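In: Quick one, structure for this:
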Amino acid sequence: MKALRNISMNLVIFLLAGLLTLAGGAPALADDATEAKQLVEKARMSLEGFETAAEMDGFRDLMKTAKGIFIAPQVLKGAFIVGASGGSGVFLARDAKSQKWFGPAFYTIGEASFGLQIGGTASEIVLLAMTDRGVTAFLSNNVKLGADAGVALGPVGVGAAAATANLSADILSFSRSKGLFGGVSVDGAVVAVRDGLNEAYYGKKVNSTDILVKQDVENKQAAGLVHSVEKAAAAK
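Out: Got it, this is the predicted structure:
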């Protein structure tokens with residue numbers, strides 16, 4: 001079973017890489033440093049869109065106690081006979097002692113599905129890590145959501161409160177597509193580290209633990225994103 005799972009995860013990552021290249025989300029010849037900088041800025045804008053939307057009361061409540069946040073400003077879904085969805089995102093974690101936020105670390109998120117599919121959609125996805133297990137999952141090279149960390153849909157709607165969320169879940173998911181907010185199922189999706197972007201952004205080889213736990217590196221260009229996360233987490 002473990003071998004089968006590894007094959008499945010590798011297939012997802014392979015399909016995701018191909019989708020990103022074809023979609024223009026991560027052109028093969030793109031400069032990693034430029035791509036990382038743009039991804040951070042897009043993530044900041046996505047977060048601010050989620051945080052200020054009237055129907056995201058539950059999201060705002062949950063941000064106050066979230067231990068980590070993953071923001072993917074554009075996740076593409078589309079296909080033919082074999083479908084794949086995927087995009088790139090950033091993850092930031094809250095230090096338990098100082099309550100300060102650190103990051104970002106860079107990742108891909110994607111899933112593969114088999115069946116007849118046509119057309120394509122683009123969505124913004126935000127995942128809130130509500131438990132230590134949820135944060136720890138993001139520290140590995142790749143994680144399969146739903147298997148390595150429990151996931152559930154986040155509460156959406158005017159007046160929706162954190163109390164309506166599945167508080168036993170490690171990770172709660174939110175999305176926006178075509179201007180509409182909602183929960184999104186990411187069960188089975190694979191999140192994998194983008195080492196190239198991490199290295200380009202911080203100027204040396206680093207892993208997620210170096211960035212988020214040891215806090216060995218920083219990039220001043222991330223100040224806007226970190227500020228937006230801290231503001232959302234401290235909102236009254």
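In: all contacts plus neighbour counts: C-alpha atoms, from now on.
Out: Fine.
In: What does the residue nearest to the spatial centre of the chain show for phi and psi?
Out: By Cα atoms, centre = their mean, the chain has its centre lying nearest to residue 70, at 3.2 Å. Per-residue torsions, residue 70: phi -110, psi 130 (degrees, to the nearest 10).
In: Can you tell me the closest non-neighbouring residue to it?
Out: residue 91 (4.3 Å; Cα to Cα, 6 or more residues apart in numbering).
In: which residues touch the residue nearest to the centre of the chain?
Out: Residue 70 makes contact with 89, 90, 91, 92, 126, 127, 128, 129, according to Cα atoms under 8 Å, 6 or more residues apart in numbering.
In: ok, back up a step: residue 104 is in contact with the residue nearest to residue 70, correct?
Out: Yes: counting by Cα atoms under 8 Å, residue 91 touches residue 104, with 5.3 Å between them.
In: Make sure I have this right: residue 152 is in a helix.
Out: No: counting by DSSP: H, G, I helix; E, B strand; the rest coil, residue 152 is not found in a helix; it is strand.
In: Just the strands from the chain, written as ranges.
Out: Taking DSSP state E as the test, the strands found in the chain are 68-79, 82-94, 101-114, 120-129, 142-144, 151-153, 171-177, 180-182, 190-193.
In: May I have stretch 48-65 exported as PDB, CA atoms only?
Out: The C-alpha coordinates for stretch 48-65 follow below in PDB (Å, rounded to 0.1, in the frame of the first residue of the first chain):
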ATOM      1  CA  GLU A  48      -6.700  40.600   1.600                       C
ATOM      2  CA  GLY A  49      -9.500  39.600  -0.700                       C
ATOM      3  CA  PHE A  50     -10.500  36.700   1.600                       C
ATOM      4  CA  GLU A  51     -10.000  38.800   4.700                       C
ATOM      5  CA  THR A  52     -12.200  41.700   3.700                       C
ATOM      6  CA  ALA A  53     -15.100  39.800   2.000                       C
ATOM      7  CA  ALA A  54     -18.400  40.100   3.800                       C
ATOM      8  CA  GLU A  55     -19.200  36.400   3.600                       C
ATOM      9  CA  MET A  56     -15.900  35.400   5.200                       C
ATOM     10  CA  ASP A  57     -16.800  35.900   8.900                       C
ATOM     11  CA  GLY A  58     -15.800  32.300   9.700                       C
ATOM     12  CA  PHE A  59     -12.500  32.800   8.000                       C
ATOM     13  CA  ARG A  60     -11.700  35.900  10.000                       C
ATOM     14  CA  ASP A  61     -12.600  34.200  13.200                       C
ATOM     15  CA  LEU A  62     -10.400  31.100  12.400                       C
ATOM     16  CA  MET A  63      -7.400  33.300  11.500                       C
ATOM     17  CA  LYS A  64      -7.200  34.400  15.100                       C
ATOM     18  CA  THR A  65      -6.200  30.900  16.200                       C
END
